[in-house]
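Q: here are the coordinates; sequence isn't available:
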C-alpha cells in the first residue's frame, strides 16, 4: 500500500501535510497519527484517505477526495493519505500493519 510513508508527527507537520506538493508517487503516502479528520485546503491533486482506529483497523476509506474538501470518520485515530486509486482493495474492517 505505502512503501514510502512519511509520518506527520508534529502539529506543524500535520497542518502542512501534503500542501505544496504537486503529486504523490504510486508507493508514497503520509501517515497522520492522532488524527480523525483531514482537510484538502490548498491541495492541488486528489487523494485516497484511509481512516483507522487506534488498533489500525480501517473504519472508513475516502477515495478520490478532491481539493478543497474535508473528510472525517467517527472513531478514527490515524489517517493514511495515499495517491488517488492506491487504496483499491482496502475496506473497512481490514487491519493495517506498520513495518520499518
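A: In hand now; what should we look at? Model, not experiment: these values are computed from the prediction.
Q: longest single strand anywhere in the chain?
A: The residue-count maximum for a strand in the chain (DSSP state E) belongs to strand 58-65.
Q: Past that strand, which element shows up next along the chain?
A: Scanning forward in sequence from strand 58-65 by DSSP states H and E, the next helix or strand is strand 70-72.
Q: the helices in the protein, which residues?
A: Using DSSP state H, the helices of the chain run over residues 11-16.
Q: helices and strands of it: which one has the lowest mean pLDDT?
A: In the chain, the helix or strand scored least confidently by mean pLDDT, DSSP states H and E is helix 11-16, which has a mean of 88.
Q: who touches that one?
A: For helix 11-16, the external contacting residues (C-beta atoms under 8 Å, 6 or more residues apart in numbering) are 7, 8, 32, 34, 35. Yep, even glycine has a C-beta here, placed from its N, CA and C like the rest.
Q: Neighbour-wise, which one of these leads?
A: Highest neighbour count within the contacts of helix 11-16: residue 32, with 23 neighbours (other C-beta atoms under 10 Å).
Q: Give the pairing partners of the longest strand of the chain; include direction for each.
A: Strand 58-65 pairs in its sheet with strand 47-52 (antiparallel), by DSSP bridges.
Q: Return the member of the contacts of helix 11-16 nearest to residue 19.
A: Proximity of these to residue 19 (C-beta to C-beta) peaks at residue 8, which lies at 11.2 Å.
Q: Kind regards, and thank you for your time.
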